[in-house]
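1. Provided below for reference: sequence and predicted model.
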Amino acid sequence: MRFTFPLLAIGLEVVMIVLFALFVQYETGPNTSQKPNSTELPAMDPDTSMDSYPHFQDVHVMVFAGFGFLMTFLRKYGFSGVGINLLIAALGLQWGTFIQGIFRKHGQKFQIEIQNMIHADFSAVTVLISFGAVLGKTSPIQMLIMTIIEITVFAANEFLVFEVFLASDIGESMTIHAFGAYFGLAVAGILYRSRLKEGHPNEESVYHSDMFAMIGSLFLWIFWPSFNSATASDAKKQYRAIVNTYFSLAASVVTAYACSSLLESRGKLNMVHIQNATLAGGVAVGTCADMEIPPYYAMIIGSIAGVVSVIGFKFLTPFFTTKLRIHDTCGVHNLHGLPGVIGGLASIITIALEKSDWTVVVSQAAALGSSIATALVGGLITGS
Amino acid sequence: MRFTFPLLAIGLEVVMIVLFALFVQYETGPNTSQKPNSTELPAMDPDTSMDSYPHFQDVHVMVFAGFGFLMTFLRKYGFSGVGINLLIAALGLQWGTFIQGIFRKHGQKFQIEIQNMIHADFSAVTVLISFGAVLGKTSPIQMLIMTIIEITVFAANEFLVFEVFLASDIGESMTIHAFGAYFGLAVAGILYRSRLKEGHPNEESVYHSDMFAMIGSLFLWIFWPSFNSATASDAKKQYRAIVNTYFSLAASVVTAYACSSLLESRGKLNMVHIQNATLAGGVAVGTCADMEIPPYYAMIIGSIAGVVSVIGFKFLTPFFTTKLRIHDTCGVHNLHGLPGVIGGLASIITIALEKSDWTVVVSQAAALGSSIATALVGGLITGS
Amino acid sequence: MRFTFPLLAIGLEVVMIVLFALFVQYETGPNTSQKPNSTELPAMDPDTSMDSYPHFQDVHVMVFAGFGFLMTFLRKYGFSGVGINLLIAALGLQWGTFIQGIFRKHGQKFQIEIQNMIHADFSAVTVLISFGAVLGKTSPIQMLIMTIIEITVFAANEFLVFEVFLASDIGESMTIHAFGAYFGLAVAGILYRSRLKEGHPNEESVYHSDMFAMIGSLFLWIFWPSFNSATASDAKKQYRAIVNTYFSLAASVVTAYACSSLLESRGKLNMVHIQNATLAGGVAVGTCADMEIPPYYAMIIGSIAGVVSVIGFKFLTPFFTTKLRIHDTCGVHNLHGLPGVIGGLASIITIALEKSDWTVVVSQAAALGSSIATALVGGLITGS
């Protein structure tokens, strides 16, 4: 199988080029339109589109530097973490651009806007989260295949959530974070081998690998307000998503530190908690970040997420490994899975308190259920 | 005292949530106002507010990645540096948001704008600077308490400088940098223990810790123009602050390298100088960055700051440790203290040359004096 | 020669200050103009100018963090890489501001806009690329001199390419990347000493130095779309440059990984390829990034660049060292030289297919030839 990886990678890139040649165009803008009386909606013009560019770049830093370095905390998997992260994301954003465009335009040609690039990066994030659960258990070949399958399932679930259920999920806590985590866990469950139980020597962090992981963690933390607000439909919602994420993250840092010190022997802070649980506030506030919730409500969500995430690392991850035979290398369940579910629940509560119309609440719950269910089914099939 | 830290941290977070519930609102924008004939000033609308967002994100990178990694240069304090930095900043920005809002609105409810988030990050920076002087000498518990006290004093001094003296300090060289440095030095003076004199083995840098510190240093260097221009009141001043900071920083790099090579044995460059003195130009130009000074004047300020900062590291820091019994772990006096004073003096000279009205010059001098005096008094009380 | 470096550095800084005092002003904006009937073109006003600021900051990250850390991959040259990088860039941006302004305004006083700062950073990049070829072979003194000479030649070639040939090179693949690489190679050829042949022990990467280099590589990768679009003349071209660079980079990652696995023993991925060849797509698409090429065409350019760059590292670099007696420390020929030439050729083909006017095609070819020729001549003279 010496040439499987290079041939598969080149083959996939050729397929991408052919698909892009057939389906992907620039946005041309209303001023170049040949049909002034056209009944089509006018395309966004580049000026409007460019407004999203700083947000896009913030998200781009998170995907490539943030997730890449966060996965370097294991001494032996530093290169795999950051190297395969780049490969997955580079392939994933191409395939994500295509498959999301096809879903949205029902199979017709479509135009690239800056927003498409943000969504393409988002689809790559989903695979990167799952990668965190299977790091050290998969080959690059398996990751190429998983990237293609997972993004396809992800785009289908996104279509269901946003187009069918018309649910709300601005920071995609349910559709990206919970989905990515449960997809990865399902794959990890299939790939479980019993010798993983007794803690592999490769699975250790050392001083420097922990410092490299802090680079990833901090850049994720810093730009999370951009992640949760990047796809907002208007300036007011974008502004609210930024403010809520900012305070939710700050609150989750304080409670995660407190909880880490409480649970560790002699009150020491645990670096894995600091690297991961401090981000839980960003995930958990994602779904309702743009809703009219007061800032203190965002801080409560963040505080809870910080505590739950540390508890997950301390008690759930060992339980998963030994009892459920699911080995979650980076603890994505604690950083993305649980906080993603918290995010979904918080949004259901928020909407239930605000609106009398129960169909909206049910849709939101359906979105959460669908994200977890398709993730588990998709992950089990992919792992097999 | 096993549970003091977690209980204090959780207690503080609960207090923050209660205070935010009572006092903090979103900006609602003029278009959602229910009282068109209201005599209140119209709130900024989200569109205008969002213009500051890229600046905010640049400052945010400086606070969390810049200051965090700059403090990792000591082999043994890498985790403390970056970990406690995150905790201080996360708590500080919440408390800073509250206390600054209360001062500005005289105790009434207030709205969050992107500018408030920039100011909240600024208040966190003040504590981070002081933290640099006491790194290795304080516990996380002490840092939580110091964060609350220092930001309160900082906000009071800011009120004095900007509302009472009506002084000018766009990059807050006096109110943040000089204040933070002298506050930290006063605390460090109180915490002095004689065994610090003979150079602790923990207080050594190694190859990799110096490289991690360069990450912090470079991101501070890169985004300093955003720091000095983030709170500018109009585009013209913002543009001038950017250009002046850009050239002042570049000049301080060249003179800091020259001075480091001149003073070190065999002309070698000293990494501590490279990590710190290259930033002195950003601090020193801060106060007059938005004034109508020609770019070459900014370059002169930067050149002087680079030289003074290296001289400070070489001669003043040992003198402080042995004679004044003040042990300044990261040398914040050379990076923030002296250049902050230079910034204040430069602004006094600039205003004196430009204007005939001496009351403005006196106000500016009062601002510098007030920043140093409240810092020293506040620090002495906090340290005790 | 103990004091040569500090005296030269301070002397150069004094020269910069004097030149800026004589020639450099702020932009004053049309609204402050005293001559409403002036026949001069109105200066850009700060509001318009500030639109480029997020792009400037992205480029600024690339220059100081990106190039700085990319050059830390050699265990022994980590400090030199990142330290001298900062010195070169800080001096280079001052000299570049001056010399580019003088060329454009034919020796008259000129105003600083954000765009000037982007161009100044670009001129620094050119020297940083050349520095990659001579790292470990030159002293700081030699680098100061090379910075001044190279940027002068660079500005002269830019004048030729854009003002005389009126050629197109938005991402400056020819004028920065190919120029910088061939200039550096010419200098490296002159500085060749035979003992470089047998692989110096200093020229080895270790785990941590490779991880630091990944920081540089990833930040370059992330912000390359900003680099290629920063100087675009209108929003539509800027948008196209962003989209094309985004997809070209993604494609070059996939093909570079495939090619690296194909050529390395036992299909392992080579970290040098991952750090460098993944960026080749950004260089190669630079010249035609803003032209009306479809996205799949950008992906083809990126795919080819990724393959060519890996082949260059594997076969050309050893050939250069042993046969041509040119020792290219960082392999800049493979990352900047070859992809820069591919970029030039791609632009010639694109223009030839689009336009019937052959003079435009010839101009573009002349721009490529001029960039390489002036670089080689300039480098040979500088090295001597």
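-> Nice, thanks for sending it over.
2. When you work out contacts or count neighbours from here on, use the C-alpha atoms and nothing else.
-> Will do.
3. Write out the residues of the stretch 201-350 of chain A neighbouring chain C.
-> Where the stretch 201-350 of chain A comes near chain C, counting by C-alpha under 8 Å from any C-alpha of the partner chain, the residues are residue A:208.
4. Grab the CA positions of the helix or strand hosting residue A:342 and hand them over as PDB.
-> If you go by DSSP states H and E, residue A:342 is part of helix A:338-354. Below are the C-alpha coordinates for helix A:338-354, written out as PDB (Å, rounded to 0.1, in the frame of the first residue of the first chain):
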ATOM      1  CA  LEU A 338     -21.200  18.400  26.200                       C
ATOM      2  CA  PRO A 339     -20.900  22.100  25.700                       C
ATOM      3  CA  GLY A 340     -22.600  21.700  22.300                       C
ATOM      4  CA  VAL A 341     -25.500  20.000  24.000                       C
ATOM      5  CA  ILE A 342     -25.600  22.700  26.600                       C
ATOM      6  CA  GLY A 343     -25.700  25.200  23.800                       C
ATOM      7  CA  GLY A 344     -28.600  23.400  22.200                       C
ATOM      8  CA  LEU A 345     -30.500  23.200  25.500                       C
ATOM      9  CA  ALA A 346     -29.800  26.800  26.400                       C
ATOM     10  CA  SER A 347     -31.300  27.800  23.000                       C
ATOM     11  CA  ILE A 348     -34.400  25.700  23.600                       C
ATOM     12  CA  ILE A 349     -34.900  27.300  27.000                       C
ATOM     13  CA  THR A 350     -34.300  30.800  25.700                       C
ATOM     14  CA  ILE A 351     -36.800  30.300  22.800                       C
ATOM     15  CA  ALA A 352     -39.300  28.700  25.100                       C
ATOM     16  CA  LEU A 353     -39.200  31.700  27.500                       C
ATOM     17  CA  GLU A 354     -39.400  34.200  24.700                       C
END
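5. which strands and helices sit next to it?
-> For helix A:338-354, the packing partners by 3 or more C-alpha pairs under 8 Å, 6 or more residues apart in numbering or on different chains; DSSP states H and E come out as helix A:280-284, helix A:295-311, helix A:358-383.
6. Just the buried positions in that helix, please.
-> Residues A:338-348, A:350-352 are the ones in helix A:338-354 that count as buried (16 or more other C-alpha atoms under 10 Å in any protein chain shown).
7. Stretch A:297-317 too?
-> A:297-314, A:317.
8. Just give me the lowest mean pLDDT stretch among the helices and strands packed on helix A:338-354.
-> Note on these: helix A:358-383 shows the lowest mean pLDDT, a mean of 85.
9. Give me the contact list for the helix holding residue A:342.
-> For helix A:338-354, the external contacting residues (C-alpha atoms under 8 Å, 6 or more residues apart in numbering or on different chains) are A:173-174, A:177-178, A:280-281, A:283-288, A:293, A:301, A:305, A:308-309, A:358, A:360-361, A:364-365, A:368.
10. Please check those residues and keep the buried ones.
-> Applying 16+ other C-alpha under 10 Å to these flags A:173-174, A:177-178, A:280-281, A:283-288, A:293, A:301, A:305, A:308-309, A:360-361, A:364-365, A:368 as buried.
11. Right, and chain C sits closest to which residue of chain A?
-> residue A:6 (4.0 Å; C-alpha to the nearest C-alpha).
12. Tell me who's in contact with that residue.
-> C:257, C:258, C:259, C:261, C:262.
13. Most neighbours among the residues you listed, which one?
-> residue C:257 (29 neighbours; other C-alpha atoms under 10 Å in any protein chain shown).
14. Next, work out how far apart that residue and residue C:217 are.
-> To residue C:217, residue C:257 is 15 Å away according to C-alpha to C-alpha, to the nearest Å.
15. Quickly find the element holding whichever residue of the stretch 51-200 of chain A sits closest to chain B.
-> Closest approach between the stretch 51-200 of chain A and chain B, counting by C-alpha to the nearest C-alpha: residue A:54, at 6.8 Å. Using DSSP H and E, residue A:54 sits in helix A:53-61.
16. Run the chain-centre distance for the very next helix or strand once past that helix.
-> Sequence order places helix A:67-70 as the next helix or strand after helix A:53-61, per DSSP H and E. Centroid displacement of helix A:67-70 relative to its chain, using C-alpha atoms, centre = their mean, to the nearest Å, is 13 Å.
17. just stretch A:231-240 next, same as before
-> 20 Å.
18. Which single residue of chain A approaches chain B most closely?
-> residue A:258 (4.0 Å).
19. could you give the angle of the helix or strand hosting that residue to helix B:53-61?
-> Assessed by DSSP H and E, residue A:258 sits inside helix A:235-263. When axes from the mean of the first three to the mean of the last three C-alpha atoms, to 10 degrees is applied, the directions of helix A:235-263 and helix B:53-61 differ by 10 degrees.
20. what helices or strands is helix A:235-263 leaning on?
-> For helix A:235-263, the packing partners by 3+ C-alpha pairs under 8 Å, 6+ apart are helix A:207-229, helix A:271-276, helix A:280-284, helix A:295-311, helix B:4-23, helix B:46-50, helix B:78-104.
21. which helices and strands does the first one pack with?
-> I take that to be helix A:207-229. So helix A:207-229, by 3+ C-alpha pairs under 8 Å, 6+ apart, packs with helix A:53-61, helix A:67-70, helix A:235-263, helix A:271-276, helix A:280-284, helix B:53-61.
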